[in-house]
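Q: could you work out the structure for the sequence below:
(2 chains)
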Protein chains: 2
Amino acid sequence: MCIMTEFFNVTSVQEALNLILQKLIPNNQTELVKTIDSLGRITQNKTYSLEDLPIFTRSSMDGYSVIAKDTYGASESIPAYLDIVSEIPMGNTQPTSITSGQASQVYTGGMIAKKSDAVILLEHTQIVSKNTIEVLRPVAPNENLIHIGEDVQKDDLILNSKHQIRPQDIGGLLSVGINKIEVKKLPRVSVISTGDELIPATNRPKQGQTRDINTHTINSLIKLAGGNPIQHKLIKDDFDSQLNISSKMLESTDILIFSAGSSVSSRDLTAKVINKLGKPGVIIHGIALKPGKPTIVGLVNDKPIFGLPGNPVSAITVFNLLVKPVIEVLSGNKKPKKPKILKAKLTQNIPSVSGREDYVQVKLFYKNSNLYAKPIFGKSNLVHTMVNADGNVRIELDQDGLYSDNIVNVETYDY
Amino acid sequence: MCIMTEFFNVTSVQEALNLILQKLIPNNQTELVKTIDSLGRITQNKTYSLEDLPIFTRSSMDGYSVIAKDTYGASESIPAYLDIVSEIPMGNTQPTSITSGQASQVYTGGMIAKKSDAVILLEHTQIVSKNTIEVLRPVAPNENLIHIGEDVQKDDLILNSKHQIRPQDIGGLLSVGINKIEVKKLPRVSVISTGDELIPATNRPKQGQTRDINTHTINSLIKLAGGNPIQHKLIKDDFDSQLNISSKMLESTDILIFSAGSSVSSRDLTAKVINKLGKPGVIIHGIALKPGKPTIVGLVNDKPIFGLPGNPVSAITVFNLLVKPVIEVLSGNKKPKKPKILKAKLTQNIPSVSGREDYVQVKLFYKNSNLYAKPIFGKSNLVHTMVNADGNVRIELDQDGLYSDNIVNVETYDY
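A: Residues are numbered from 1 along each chain as shown, chains lettered A, B, ... in the order given. Down below sits the predicted model:
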């Protein structure tokens, strides 16, 4: 087995991830949001009902509210006769009473007459005259009623803690008077782009300058992972300004990402700045990963700090492997979205080297109803390698490569 | 085979969906959005590069830019000697020239010296004196360079039409000066809640009143489906006001949803209003579906109109089956998110009736590492049936039911 020496002193992806996750302090910061704005957020605590639902006994059908005993023995041949003494329209808040031999017309979801104990369905009656109906079937007490608290009772558990709020949960909370809910704050993530050659992405570069596009790619990845990209800044490769600005940003963020320039000197500067920011500083320098080897991971004041490589393909690969899981843990989401995996047949060999994980970009296509994955061997410093890719194929740490016609798992980039 | 008569005159879910989709006019409305705000949006047109990328020949490594010919034959035993005449720092826009026998120090992503045609890696050189290096290997012309347009060329296709924009696409667009992009407008969806018993969800109901929670559940479902919930109104069961308001809302919306009151009279009113709004009006009245039978589908001015049942479980079920696919088609999304399907063992029989589709809410749990699905037989008019459910199980049109210990597909409610 051949181990490349350049990967001797670096950490495997799994080791790196374990090390970071083990040092993470769970996020217990919460905020109160309106229930109607809480879709997708994670509850902090167990939530209990504030009220009985319904708060009044409801009819579950359109028909007549009656005293059940009055209908006993009723049939199509020997119907029971009842006097309609009132109609209780929807939204009526003061229903009338009935006595034996009487009925009130009622509607699905509406109140029933006082003293009545059941509802006979409209289709099980016949109108005889303006104020009289025939009842063609008996009803039992409580039939076609929804009782106070039958849906949910005051103090019943509505939602568990650490639950991601779904559309029906919003309805459920509102239904019992819970108009605000305490949810976990989204992890705040800040991005610092460094490099003397970089200009803001929407500016026009001169010769020798490069647009800072990684900041915006990374901000989008942060959003998809469930984080809140609160701030980003572009800084020259100057130790003092990087230290000053990152030190301030660290105070108000949960995760700090340096998107380093591509040169070695720029990356070395990132490591120096992280070490100066606080203890323990850099905890991982270099990952057994291609692309993405020159990754830096740090920890300062219990906050994770990442130094992502400047190459766009490397930056995205490392983000997905290391930063995304950290955002997910800090967000408290127990069921983060996983990428869709498709099985496809490789169109050609992919060489690799045992001792590192390789992530190779692939383009997917169908031919004779088989799904094929064609490797894109673009350099990792080409932006459009990743734009052209539909997903990636992983080559494990101990694999020497993959062969043409192998069926591989493609992790797709469908979001 | 037993067919319930109540489902004789109704449309199957599949027929209903086919009928609606066949009448849909594709959405060609677009808007120009900032590229940095375009995550997840669908491109209208093919997008071509405005520029070459890179716009200058870049070094792909840290090292020295040289004239390749000067290094031919160089080796560790017989190195070539070159004079370092300059350093070209990152961001430098006016590189110096070199002549034969000279080298300029260059950095990854930076410019190279004029007249140079290759870069020799730092680690393949040795510093002999302040201004002299030994070159220990030869380099070929163009080695370690990224040429103008090598990443992407002006007028190259960047993104296809009808493509959902991913994080790397945002980087790719920005990298070639595309700061705004034309995307499909999100389908606008408006919701009208009707019912004399309904009050705004955040108000406190009196006896006989019910909070209008469905509007907010439906708005959340609209967002998840990729629609834009632009407006919602709560209206009493009054024909004229429903007609006036819905007629105005229809002008500025792509899809109109009536969330009907629970009573038959409220639903009948919805149908009358839709028929009066325009031609053809109601095209489907009743679906062979439980829960969700009293569903209305209409079409006015080529715009789909849905009358969803007032029961919360029915409303969500019908939304997912009929409204969601319509929003997805109108949004132009070719790869809408599908719910996660889990295989689970049923804990008890679920009776059904052939001739209709049944959707039964289930709670999932693990026991001895097997996943079980326990049916929740709550009435569909109970809000918390759906809050307590983890997903649903479908019983096909021609099935009489499902049996305990059957392995079933559970469509989960993880969003």
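Q: any stretches of the stretch 1-150 of chain A with poor pLDDT?
A: A:1-9 (pLDDT under 70).
Q: does chain B sit close to the helix or strand in which A:K374 is found?
A: In the assignment (DSSP states H and E), A:K374 maps to strand A:370-375. No - Strand A:370-375 lies apart from chain B when judged by C-beta under 8 Å from any C-beta of the partner chain; the minimum separation is 14.3 Å. All C-beta spots, glycine's among them, are computed from the backbone N, C-alpha and C.
Q: so where do the strands sit in the stretch 251-400 of chain A?
A: Secondary structure of the stretch 251-400 of chain A (DSSP state E, counting those that start in this stretch): strands located at A:255-259, A:280-285, A:289-290, A:296-300, A:303-308, A:341-346, A:350-351, A:357-367, A:370-375, A:391-395.
Q: export those strands to JSON lines and tack on mean pLDDT?
A: Formatted as JSON lines, the strands of the stretch 251-400 of chain A follow (pLDDT from 0 to 100):
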{"stretch": "strand A:255-259", "mean pLDDT": "97"}
{"stretch": "strand A:280-285", "mean pLDDT": "95"}
{"stretch": "strand A:289-290", "mean pLDDT": "94"}
{"stretch": "strand A:296-300", "mean pLDDT": "97"}
{"stretch": "strand A:303-308", "mean pLDDT": "97"}
{"stretch": "strand A:341-346", "mean pLDDT": "97"}
{"stretch": "strand A:350-351", "mean pLDDT": "93"}
{"stretch": "strand A:357-367", "mean pLDDT": "96"}
{"stretch": "strand A:370-375", "mean pLDDT": "97"}
{"stretch": "strand A:391-395", "mean pLDDT": "97"}
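Q: distance check, the nearest residue to A:M61 once chain neighbours are set aside against chain B.
A: Excluding its sequence neighbours, the residue lying closest to A:M61 (C-beta to C-beta, 6 or more residues apart in numbering or on different chains) is A:N144, at 4.7 Å. Here the distance between A:N144 and chain B works out to 10 Å (C-beta to the nearest C-beta, to the nearest Å).
Q: contacts only, for A:N144.
A: A:59-61, A:63, A:118-121 (C-beta atoms under 8 Å, 6 or more residues apart in numbering or on different chains).
Q: about what we covered before: could I get the strands of the stretch 251-400 of chain A as TSV with mean neighbour count?
A: Formatted as TSV, the strands of the stretch 251-400 of chain A follow (neighbours: other C-beta atoms under 10 Å in any protein chain shown):
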stretch	mean neighbour count
strand A:255-259	26
strand A:280-285	17
strand A:289-290	23
strand A:296-300	24
strand A:303-308	26
strand A:341-346	16
strand A:350-351	16
strand A:357-367	19
strand A:370-375	18
strand A:391-395	21
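Q: what about the one helix or strand A:Q105 maps to and chain B, any contact?
A: Taking DSSP H and E as the definition, A:Q105 sits inside strand A:102-106. No - judged by C-beta under 8 Å from any C-beta, strand A:102-106 makes no contact with chain B; its nearest approach is 9.1 Å.
Q: buried stuff in that strand?
A: A:102-106 (16 or more other C-beta atoms under 10 Å in any protein chain shown).
Q: which one of those residues is nearest A:I350?
A: Using C-beta to C-beta, A:V106 comes nearest to A:I350 of the buried residues of strand A:102-106, at 70.9 Å.
Q: ok, A:N214 - contacts?
A: A:193, A:259, A:308, A:310, A:312, A:315, B:171.
Q: how near is A:Y403 to A:P375?
A: 12 Å (C-beta to C-beta, to the nearest Å).
Q: name the nearest residue to A:L250, sequence neighbours excluded.
A: A:L256 (5.5 Å).
Q: the one you found: what's it in contact with?
A: A:189-190, A:192, A:246, A:249-250, A:303-306.
Q: please report the distance of it from chain B.
A: In terms of C-beta to the nearest C-beta, A:L256 sits 19 Å off from chain B.
Q: ok, A:P351 next?
A: From A:P351 to chain B the distance is 20 Å (C-beta to the nearest C-beta).
Q: which residue is the nearest non-sequential neighbour of that residue?
A: A:G401 (4.5 Å).
Q: and the residue of the stretch 301-415 of chain A found nearest chain B, what's its pLDDT?
A: Proximity of the stretch 301-415 of chain A to chain B (C-beta to the nearest C-beta) peaks at A:V387, 3.6 Å away. You'll see A:V387 listed with a pLDDT of 95.
Q: how is chain A divided into domains?
A: A:5-29+A:186-331, A:34-53+A:155-184, A:58-146, A:341-412 (automatic domain parsing).
Q: now distance to B:N18 too, for the ones you listed, in CSV please.
A: Output for these, formatted as CSV (distance: least, C-beta to C-beta, whole Å):
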stretch, distance to B:N18
domain A:5-29+A:186-331, 34
domain A:34-53+A:155-184, 26
domain A:58-146, 30
domain A:341-412, 24
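Q: looking at the ones you listed, which is nearest to B:D237?
A: Here domain A:58-146 is closest among the domains of chain A (C-beta to C-beta), at 7.0 Å.
Q: burial count for the residue nearest to A:R356 when sequence neighbours are not counted?
A: Nearest non-adjacent residue to A:R356, counting by C-beta to C-beta, 6+ apart: A:A288, 4.2 Å away. When neighbours are counted by other C-beta atoms under 10 Å in any protein chain shown, A:A288 registers 25.
Q: show the contacting residues for A:A288.
A: Contacts of A:A288 (C-beta under 8 Å, 6+ apart): A:7, A:10-13, A:355-357, A:397.
Q: check A:D62 too.
A: So A:D62 contacts A:106-108, A:121-122, B:263-265 (C-beta under 8 Å, 6+ apart).
Q: for B:A260, see how far away it is.
A: Relative to B:A260, and taking C-beta to C-beta, A:D62 is found at 13 Å.
Q: ok, which stretches of chain A are helices?
A: A:13-23, A:167-175, A:214-225, A:239-251, A:264-277, A:312-318, A:324-331, A:383-387 (DSSP state H).
Q: among these, which is the most enclosed?
A: Neighbour counts (mean count of other C-beta atoms under 10 Å in any protein chain shown) averaged over each of the helices of chain A peak at helix A:312-318, with a mean of 28.
Q: please work out the average pLDDT along that one.
A: 95.
Q: now what about that helix, what contacts it?
A: Under C-beta under 8 Å, 6+ apart, the answer for helix A:312-318 is A:213-214, A:217-218, A:221, A:259, A:287, A:289, A:291-295, A:306, A:308-309, A:359, A:361, A:378, A:380-383, A:385-386, A:392, B:167-168, B:171.
Q: how far does it sit from the chain's center?
A: 22 Å (C-alpha atoms, centre = their mean, to the nearest Å).
Q: next one: stretch A:388-397
A: Taking mean C-alpha positions (C-alpha atoms, centre = their mean), stretch A:388-397 and its chain are 24 Å apart.
Q: and stretch A:404-415, by the same measure?
A: 23 Å.
Q: anything in that stretch near chain B?
A: Yes - on the criterion C-beta under 8 Å from any C-beta, stretch A:404-415 is in touch with chain B at A:413-415.
Q: span of that stretch from start to end?
A: 28 Å (C-alpha to C-alpha, to the nearest Å).
Q: returning to that earlier point: which pair in the contacts of A:D62 spans the largest distance?
A: A:L121 and B:S265 (14.6 Å).
Q: circling back: scan the contacts of A:N144 and report the most crowded one.
A: A:V119 (30 neighbours).
Q: close enough to count as contact, that residue and A:R58?
A: No - in this structure, A:V119 is not within contact of A:R58 by C-beta atoms under 8 Å, at 9.4 Å.
Q: mutual contacts of those two, please.
A: A:112, A:145.
Q: which residues are in contact with A:A68?
A: Counting by C-beta under 8 Å, 6+ apart, A:A68 touches A:117-118, A:138-143.
Q: next one: it from A:L122, what distance?
A: A:A68 is 17 Å from A:L122, by C-beta to C-beta.
Q: again, but for A:G310
A: Applying C-beta to C-beta to A:G310 and A:L122 gives a distance of 72 Å.
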